[in-house]
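S.K.: here's a sequence, model it:
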Amino acid sequence: MSVKTLQQPSYQWIDLLNPEKEELQTIANQCNLNYYNLADSLEPNHLPKFETENDINFFIVRMVHKNAKKESNIENLSNKIAIFYNDKIIVSIHRVKMDFLSAIEEKYINSGKAATTTSVIIKILYSVLQTYNDSIIATINKLDFFENRLFTKHPSSLVLQNIYSLKRKTNLCTKMLILTEEVIKSVKPSKQEKASYQDLKDLYVKLTTLHEQVIEDLNNLLNLYISLSSQKTNEIMKTLTIFSIFFMPLTFIAGIYGMNFKYMPELGQKWGYPIIMLSMLLITLLIYFWLKKKKWL
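M.R.: Got it, this is the predicted structure:
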């Protein structure tokens, strides 16, 4: 476990990186943290939530990490951070290193720009939402790429799988954003903190709107892929049907003359064979002009 303590004039920030259960219990006893909330902070797949008890606020938020190889579940897509706080103390708990915490320390705390715990919480939430912003921008770029591929190349099943993967990732991010709204609404900023809090709310509204739009675009792209695939199938069936129309009467004539009857029409005629071949050609031309007239060719 790594423990980092930042002592400020009006509050203390204790940051715990990958703590063991026993070590975390020691910190909990010192800071009078709720046992059940403490258990939630250790659960890797826990969804965002907010609770308050004994004058201590507790929330869990999830940040989307950049190098997600699989988006099949929330744990693969995001990392969790749990935070206990009131006016005097902040306790942050996370299993992986989060660079934005060090950035907040360097940019705001060391410079004295975050004089209260609420100000620090606003900065943390803003940084968490920024990971969703980076993720959705990357998704939009991939969406444009796959949309172009649908029209420039023959769509493949791999394109369909990638589009579905993007849709699932965006759906999971949207669910986490919806649950994070309660955490954002729980923050009670002072007069000096209202501007930064408004920026936080504006970013949240922007992200929820973007995610809804991207989900709609992905659904439209999936429907477009299915339509193009159906159109391709229809074109193949149309071609096969046209060929069958041409060869059906010819096969019928060839079938009759392929029978080994002694008395067959035109069998003893000198021009019987050329007449039959000419008849086949005439039938083929008649079918061709009939298809052209119907605008099927």
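S.K.: can we go C-alpha only for contacts and neighbour counts from here?
M.R.: Fine.
S.K.: those strands in the stretch 1-150 of the chain, which residues are they?
M.R.: 2-7, 12-17, 49-53, 56-64, 78-85, 89-94 (DSSP state E, counting those that start in this stretch).
S.K.: what are the boundaries of the helices in the stretch 51-200 of the chain?
M.R.: For the stretch 51-200 of the chain, the helices defined by DSSP state H, counting those that start in this stretch occupy 74-77, 99-104, 117-152, 157-186, 194-257.
S.K.: would you list those in TSV and tack on distance to L17 and mean neighbour count?
M.R.: Output for the helices of the stretch 51-200 of the chain, formatted as TSV (distance: least, CA to CA, whole Å; neighbours: other CA atoms under 10 Å):
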stretch	distance to L17	mean neighbour count
helix 74-77	17	18
helix 99-104	11	14
helix 117-152	16	18
helix 157-186	22	17
helix 194-257	25	15
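S.K.: out of these, flag the one nearest Y36.
M.R.: Closest to Y36 of the helices of the stretch 51-200 of the chain, according to CA to CA: helix 157-186, at 17.9 Å.
S.K.: so what does the closest one touch, helix or strand wise?
M.R.: strand 49-53, strand 56-64, helix 117-152, helix 194-257 (3 or more CA pairs under 8 Å, 6 or more residues apart in numbering; DSSP states H and E).
S.K.: now do 10 Å
M.R.: Under the contact criterion of 3 or more CA pairs under 10 Å, 6 or more residues apart in numbering; DSSP states H and E, helix 157-186 touches strand 49-53, strand 56-64, helix 74-77, strand 78-85, helix 117-152, helix 194-257.
S.K.: reformat the helices of the stretch 51-200 of the chain as JSON lines; add distance to L285.
M.R.: What follows is the helices of the stretch 51-200 of the chain, written out as JSON lines (distance: least, CA to CA, whole Å):
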{"stretch": "helix 74-77", "distance to L285": "62"}
{"stretch": "helix 99-104", "distance to L285": "75"}
{"stretch": "helix 117-152", "distance to L285": "36"}
{"stretch": "helix 157-186", "distance to L285": "40"}
{"stretch": "helix 194-257", "distance to L285": "9"}
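S.K.: distance of the residue lying closest to Y11 once chain neighbours are set aside from T139?
M.R.: In this structure, Y11 finds its nearest non-sequential neighbour in K88, 4.4 Å apart by CA to CA, 6 or more residues apart in numbering. From K88 across to T139, the span is 40 Å (CA to CA, to the nearest Å).
S.K.: do the same with Q231
M.R.: From Q231 to T139 the distance is 27 Å (CA to CA).
S.K.: who's in contact with S111?
M.R.: I104, E105 (CA atoms under 10 Å, 6 or more residues apart in numbering).
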